[in-house]
Structures are given as structure tokens and as C-alpha cells.
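Enquirer: Sequence plus the predicted model coming up.
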Amino acid sequence: MFLLLLLSILRVGAHEFHYPDDPFRQLDEVLPDPNRLRAANGAPGPDYWQQRADYRIAATLDDTKRVLTGRAAIRYANRSPLELGYLWMQLDQNRHMREAPGHQAAEAPDFGKFRYRTLRDALTREDFSGGFKIKSVRDATGEDLSHTVVGTMMRIDLPVPLAAGGEMEFAVDWEYAVVDAKNMWARGGYEFFEEEGNNLYTVAQWYPRMAVFSDVTGWQNKQFLGRGEFALEFGDFEVSLTVPDDHVVAATGVLQNPAEVLTEAQRDRLVAAADSAKPVFVVTPEEAKANEKSKPSGTKTWTFRAENVRDFAWASSRKFIWDAAGRKFGDRTVLAMSYYPKEGEPLWSKYSTHAILHTLDVYSKHTFDYPYPVAISVNGAVGGMEYPMISFNGPRPEDDGTYPARTKYGLISVVIHEVGHNWFPMIVNSDERQWTWMDEGLNTFLQFLAEQEWERDYPSRSGHGPRIVEYMAGPEGKRPIMTNSESLMQFGANAYAKPAAALNILRETVMGREQFDFAFKEYANRWKNKRPMPADFFRTMEDASGLDLDWFWRGWFYTTEHVDVGIKAVRLHDLDTKDPDVEKAKERKKKKEEDGKLVTKRKNSEMERYVDRFPELLDFYNKVDEFTVSAEDREEFARMLKKMKPEDRDLLGTQRLFMAVELENLGGLVTPVVMRIRFADGTEEIQRIPAEIWKRNAQEVTRLIISTVKLESIELDPFLETADANLDNNYWPAKMIEEKFELKGRDRGPNLMREAREAREGKGE
């Protein structure tokens, strides 16, 4: 009994000692167990289900009061195996109420970095009373349904539970004041153009939306605090939007009544645009300019239909210029369209629609063909925000029409990014409220691929390994990628840039492009129109590639460690041939080289010695030394050879050098090691060593190099592909560290006396 107890203690002790810091420990205990809903290979299981919500919405925009009024009739399908006693809806406009949890929980800004926009947002939000005013919630018979608003959510209590597999219809009437998108951090709102007194509306999170009920979270009813975006169900939308009759409307879906809202010429241009590879004006700059000066005589109703989408957004203004071009996918034509005011010119007509077309091509290549009939980019006060088929993007040129390079590339990048969100999360429908990286990180990675295909030397801000080094090696403000959306610190670096860099390293260095691209496309197609979770992505990438990537997910996604591999030492190991003639000659040469360095011997090299005057004192022992080979040495060597196996005897004659490169992992994150090796004869070799070299010791490893020629130099990460944070220790022999310094004079402060005198002289005093 004692022996069994002792063995048990030893086993537990060994487990606890070895595994907590083992970067290659499998993720099985961390990831949820696979089941019939989510399979072990990362695919949806045979019992996978998800809910559905179809909407019929009629809304009216009051351009004078900037108030939106609407009614949504919703058909909700419970495809889960559970009956539901209540439903949850998202009331995202409630985020703008003074008592909203996100508003109340907001911290004071950093007054050392207090930006103008931050102050405008704080003051505007303090004076604004927004949020949904729910007028009624009624069932299909018109009976009131009991409902309770809880912050940014609303619970609807059902008089009779909705059975598994059942459906129900109900309607919600509401209104809200549209937020000032130019002065508040919001995902939609109005922008007021004071010169001509016009508004431009980008309208989003504008109707009560069904919350997700899933096999993972149950009801996803986390409060919307501002960062963790949205979890939504798929459905069909029929939407009628009543706006001033001189407005042009862009929206999710296909316009159903063009004859009622467009001129004949505009309809003809729209048809022509479908067959054009370059943008064609549908609403020309001249027409938009005339609209700007007009006064509405009434209203028009624009009707749109969208199938199998998870959300609906729209934009409306009399200022819009509208251009479009077509892109073929098989027998389908997708219309890429841009809407923008004259303030966006000449930048927008040149780049926006082309950036959409490019995005459609690149993203489709890496995932699946874009399935929707339209893809839209709208210029407004929102910096960048995405919805099915439509996105809002902010960059504009200067008032004189010129623009810096950063603005140009900022526009191209934000259009690629926001249009790219159609794939992640609008179709591959991840839960943004929980995991920002699953849409932002994956999308930023694909944005990087698209940017690199746009033009040579495109200035991508994310994707390349070195771009994320400062954040990963920084002293503070870090949390793992696998952190809830609302709890992230350094949001952009954590949820966008770090996952993008990780996936690029996975593609270029760990898996290789062919394996990565196959696995990534498999993930996108498996979870198209479904709701994946992190484990589904991790498992699919491994299942489709045949590679164990648990070490990669653990290090990059579950820790805050960084990459820093250095060369500790390089050692030459010389094979002992046992041949006395060979080995003693080597030893004599080595001793002679060492003695030749001794300072006293060097200074005494020309000194006359005593035996130089009396050479007869030299004898036998002056002709031999400790390295002289004797007959007995040779006989002993011969006897040894006779006893050896022939194959072992041959190995003693190997004419190779054995060089051991000692590597140390200073950053903690295990990584593949890329070495550029130069030899003394001028030849060069690139070695790519998988991360598994760190399996037995994650802190120090030794790499053996066998060659007939000595090493001359080694460089780690020569192509800057592993996000190594410290390049100074990547060289053997060590490389001189180059740093810049500047001269500084003594700062005496402003000379107020001189300024006052110059001011008096300027006035002639």
C-alpha cells in the first residue's frame, strides 16, 4: 500500500513539475469537448442547429428632427432542441443613453493624451439623450407582449413557451434620436454639413435585433459596452425606407423599386455598370450638386430585399454621388458600388469601387465566392464599420482636393477591411460579442493579403511580423488574444494586428502557403452561414493540414509571451579518429598556435639562448616532444582497428566538422528557427527548423551542423518572418549594434522680453 501511494505521489509530482510550463502540452483540456453539434475535426456535427429570424421593416427618417421611427415584424424560428419561455433582443442604440452600462463604466481619459475627438465625444455624449423608445411589443394577433428593457437588451416574456422546432411572429414599434456621428464615437449616425445645411446619414444598429441563442452560450445577452460587437441570427429582410424625396439611399440588399426612386437615365447607367469593369456614375457629380441645393417636396420610399443575411444597414443623403461596376462570379454579376459626397473627391471616385472589386477577387480566392448581389462602400463620418453588403468608411482628401499618401492608402485599406467583413463575420458568423479576434483578426490577415496584391511595396500597417514586435515585447497592457472582447487592452494590437501577424507567420513559416491556404479555405467553407467558435477554427486548421498546431495556438493565442531567440554559443566538435599520427599532429599544431600567442614568448622570439652558444648541449629529447608518435602507439591503434566492425572502422575516417549552435529562447514563445548559414568557402545555406526543436527544453536547444567546411557566420530570422523582438542577439559572430544619437543644446525657454520688444517695434512704438 505504501509503495502504491509513493508511486502515485511521484506520478502527480512529475506531472505538475513538467507540464504547466510545457508549451507543447495539448489543448484538449482547454478546448470544449467535441460532440454531435461540433465535431472533433472542427466541422459542424450532424446535430448542429441555429436559430433564424426574418424581418419585415418599415421606417421613416425625419431629416428635420433627425429622428428615426420604425416598425419591425419578426418571424422567429426556434430550431433548438429546447423550448424558450422568453426571447432576448439587442437594443444597441441604448448604448447612447446616459445611464447605459458602457457609459457609466467608462474610465476617465488619459489627460496626458487627451485628443480633440475624445473631448468632443465626451461633451456630446454628456449632452445627448439617446436610446430606443419602445412604443409597443405585440404578438401576431395584436396582443401586447410583456417586455423588460435591461440596459442594451430587452427580454420578451412569452405567455406560452415557444416549443422546440416552433415559430412565432411578433412586432416591435420604436423610435430614437439619431446620434451625431461626427462628434461621437458611434457606428452610425448623421453628419451635418453646415455650409449647405445638409445631413448625411449612415444608419446602423437601428432596429431591435434578435439576440443569438446557441449551443455554446444559450442566450448571448451580454451587455453592449461599446467594443464587443454583435452576435446575430441569419434571416431574410424586406425593408421599406421613407426619406426626403431628394435623398439617395444605399442599403443592404437589392433595390426592389428602382422605377419609383431613380430617373430613367440613372436606371440605364445602373444596368450599364453591371457590364463595366471600371466604375460608371449612376448619380453623377452634377446631379449630386443639384440635389445638394434642392429642397424636398415630399418623401420617397425605397424598398430593399436581402436574403440570408444577419443584419441590415443603410445610408441616406441628398449629397450622394453614386458609382458602380460589375464583377462576374460564374453566371452571377455582383455590383460593386460607392456612395460619397463631393467632399470625398477626387479620392473616392478613383479608388473606392476599385478597392471593392479587388477585395471581392482576393477574398473569394482564399475562401469562397462572394455570394451576395451587391457590395457597397459609403463615405460618412464613421471611420470604418461593416454590415452585410454595405460598409461605412471615413477617409477624405483635404479641402483643396489634395491628399497625403497616408489618406490614399488609408481609404484603400479601410474599404478592403470593411468590405472584407462580409466574409468574417457576416457569412462565417462568429460571435463578436465574445471573440473580437475571430472576425477582426482573420479579416485583418486577409486584408493584408489583399493589400500585398494591390501594388508592390504597399505600406501595410499589419501582417508583417516586425509590425507586432513592439506590442508583444512591451512591458505592459497585454492580455492574451483569447480574452473577451470587452476585457481587451490595447484593442487594435490585440484583436487586429497580433492575430493577423500570427496567421501570416503560420502561413509563411509554420505550415507553408499550400497547406495553410487549403486549411483556411476549408474552415471558411465548413462554417459558411454558420456560427464557429475558436475551437472549431483551431481544430479545422489542424485537421485539414495534418499538422499539430496546439503549441502555436497555446503560445500565440493563450499567452502574452513573445519571440526572442538568440545565439548563445557556437562550438566546433572535432572527431577523434584514434589514429596517433593524425591526432598528435593536431595537438602539436594546436599547442603551437596557443604558445605563439603568449606575450612573453612573442617578446623573447629574437632572444639569443644559451644553447645557441653551446649547441652540443642539444640531445635526443630536443628532437622529440610529447606529441611524437611511438611504435607502441601505432601498434595499439592497429590492434583496436582489428577488433572493430568494418562499418564502425570506416566512421573513424570521416572528414567532417561537427558544429553545435546553442540557441536560447529568451522571449518564452516557442517558434520555428530560420538560420542563414555562411561557410568559410563562401557558400550559403538556409535552414528552416520546426518549432518542435524546443520540445524537450523550451529554454535552450542545440542545433548540429555537419559540414566539410567551417562556419563563418550565422544569422537568425534573416527574412524577418518570426516576429523576433530582439535582432541584436541573432548574429554569430556578434554584429555591431548601430544606434542614432542627436546633439541637444541647452533649452533656455522663451525670451519674453525679446518677443515684447519685437512686438512694440512692429507697431512702430
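Expert: Received the coordinates, thanks.
Enquirer: neighbours of the closest residue to residue 649 other than its chain neighbours, just the number please.
Expert: Distances taken as CB to CB, 6 or more residues apart in numbering place residue 641 nearest to residue 649, at 5.7 Å, with adjacent residues excluded. C-beta coordinates here come from the backbone N, C-alpha and C atoms, glycine included. Residues lying near residue 641 (other CB atoms under 10 Å) number 14.
Enquirer: helix, strand or coil for residue 641?
Expert: Applying DSSP: H, G, I helix; E, B strand; the rest coil to residue 641 yields a three-state assignment of helix.
Enquirer: Which elements pack onto the helix or strand hosting residue 590?
Expert: Residue 590 is part of helix 580-595 when elements are defined by DSSP states H and E. Packing contacts for helix 580-595, counted by 3 or more CB pairs under 8 Å, 6 or more residues apart in numbering; DSSP states H and E, involve helix 631-643.
Enquirer: which residues pair with residue 199 across the strands?
Expert: residue 192 (DSSP bridges).
Enquirer: right, and the helix or strand after the longest helix anywhere in the chain?
Expert: Criterion DSSP state H: the longest helix present in the chain is helix 347-366. Once the chain leaves helix 347-366, the next helix or strand it forms, by DSSP H and E, is strand 374-379.
Enquirer: quick one: strands adjacent to that following strand?
Expert: The strands that strand 374-379 pairs with in its sheet are strand 332-340 (parallel), strand 390-393 (parallel) (by DSSP bridges).
Enquirer: The longest helix of the chain: how far from the chain's middle?
Expert: Relative to its chain's centre, helix 347-366 lies at 19 Å (CA atoms, centre = their mean, to the nearest Å).
Enquirer: just the strands in the stretch 451-600 of the chain please.
Expert: Counting by DSSP state E, counting those that start in this stretch, residue ranges of the strands within the stretch 451-600 of the chain are 565-573.
Enquirer: what about the helices in it?
Expert: 469-472, 491-492, 498-505, 513-526, 534-545, 550-558, 580-595, 599-603 (DSSP state H, counting those that start in this stretch).
Enquirer: Mind checking those helices for the one nearest to residue 651?
Expert: helix 580-595 (14.2 Å; CB to CB).
Enquirer: now the closest one and helix 631-643, what's the angle there?
Expert: 120 degrees (axes from the mean of the first three to the mean of the last three CA atoms, to 10 degrees).
Enquirer: Render the CA-only coordinates of helix 580-595 in CSV, please.
Expert: Presented in CSV, the C-alpha positions along helix 580-595 are these (Å, rounded to 0.1, in the frame of the first residue of the first chain):
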residue,chain,number,x,y,z
PRO,A,580,48.0,8.7,-33.3
ASP,A,581,49.7,10.1,-36.4
VAL,A,582,46.6,12.2,-37.0
GLU,A,583,45.5,13.2,-33.5
LYS,A,584,49.0,14.0,-32.1
ALA,A,585,49.7,16.2,-35.2
LYS,A,586,46.5,18.1,-34.4
GLU,A,587,47.5,18.5,-30.8
ARG,A,588,51.0,19.7,-31.7
LYS,A,589,49.5,22.3,-34.1
LYS,A,590,47.0,23.5,-31.5
LYS,A,591,49.7,23.9,-28.9
LYS,A,592,52.0,25.7,-31.3
GLU,A,593,49.2,28.2,-32.1
GLU,A,594,48.4,28.7,-28.4
ASP,A,595,52.1,29.2,-27.5
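Enquirer: how about low-confidence regions in the stretch 451-600 of the chain?
Expert: Confidence mapping of the stretch 451-600 of the chain against pLDDT under 70 gives the ranges 477.
Enquirer: what sits up against the helix holding residue 590?
Expert: The set of residues that contact helix 580-595 without belonging to it, under CB atoms under 8 Å, 6 or more residues apart in numbering, is 574, 576, 577, 601, 625, 627, 628, 629, 630, 633, 634, 637.
Enquirer: Pull the number of nearby residues for the nearest residue to the third one once chain neighbours are set aside.
Expert: If I follow you right, that is residue 577. For residue 577, ignoring the flanking residues on the chain, the nearest one in space by CB to CB, 6+ apart is residue 652 at 4.9 Å. The criterion is other CB under 10 Å. On that basis, residue 652 has 16 neighbouring residues.
Enquirer: Please tell me how far residue 652 sits from residue 643.
Expert: According to CB to CB, to the nearest Å, residue 652 and residue 643 sit 13 Å apart.
Enquirer: Tell me which residues of the helix holding residue 590 come out buried.
Expert: For helix 580-595, the buried set under the neighbour-count rule, 16 or more other CB atoms under 10 Å, comprises 580, 583, 584.
Enquirer: Just to confirm, what's the three-state secondary structure of the residue of the chain most remote from its centre?
Expert: Of all residues in the chain, residue 616 sits farthest from the chain's C-alpha centroid, using CA atoms, centre = their mean; the distance is 84.9 Å. Look at residue 616: counting by three-state DSSP, its state is helix.
Enquirer: ok, and the most crowded of the contacts of helix 580-595?
Expert: For those, neighbours were counted using other CB under 10 Å, and residue 637 has the most, 18 neighbours in all.
Enquirer: What residues does that residue make contact with?
Expert: The contact partners of residue 637, taken as CB under 8 Å, 6+ apart, are 578, 579, 580.
Enquirer: And the last one, how far from residue 635?
Expert: The one in question is residue 580. From residue 580 to residue 635 the distance is 10 Å (CB to CB).
Enquirer: Return every residue with contacts to both of those two.
Expert: Contact with both residue 580 and residue 635 is made by no residue, according to CB under 8 Å, 6+ apart.
Enquirer: helix, strand or coil for residue 415?
Expert: Here residue 415 takes the helix state, with states given by three-state DSSP.
Enquirer: what about the closest residue to it other than its chain neighbours, neighbour count?
Expert: Residue nearest to residue 415 in three dimensions, not counting chain neighbours: residue 355, with 3.9 Å by CB to CB, 6+ apart. As a burial measure, the neighbour count of residue 355 was computed by other CB under 10 Å and equals 26.
Enquirer: again with residue 338
Expert: The tally of other residues near residue 338 (other CB under 10 Å) stands at 29.
Enquirer: Likewise for the one 5 residues further on?
Expert: Using other CB under 10 Å, residue 343 is surrounded by 17 other residues.
Enquirer: same thing with residue 475?
Expert: When counting by other CB under 10 Å, one arrives at 5 neighbours for residue 475.
Enquirer: Same check on residue 700?
Expert: Neighbour count for residue 700, taken as other CB under 10 Å: 12.
Enquirer: Which phi and psi values does it adopt?
Expert: The phi and psi values for residue 700, taken as degrees, to the nearest 10, are phi -140, psi 140.
Enquirer: That'll do, ta.
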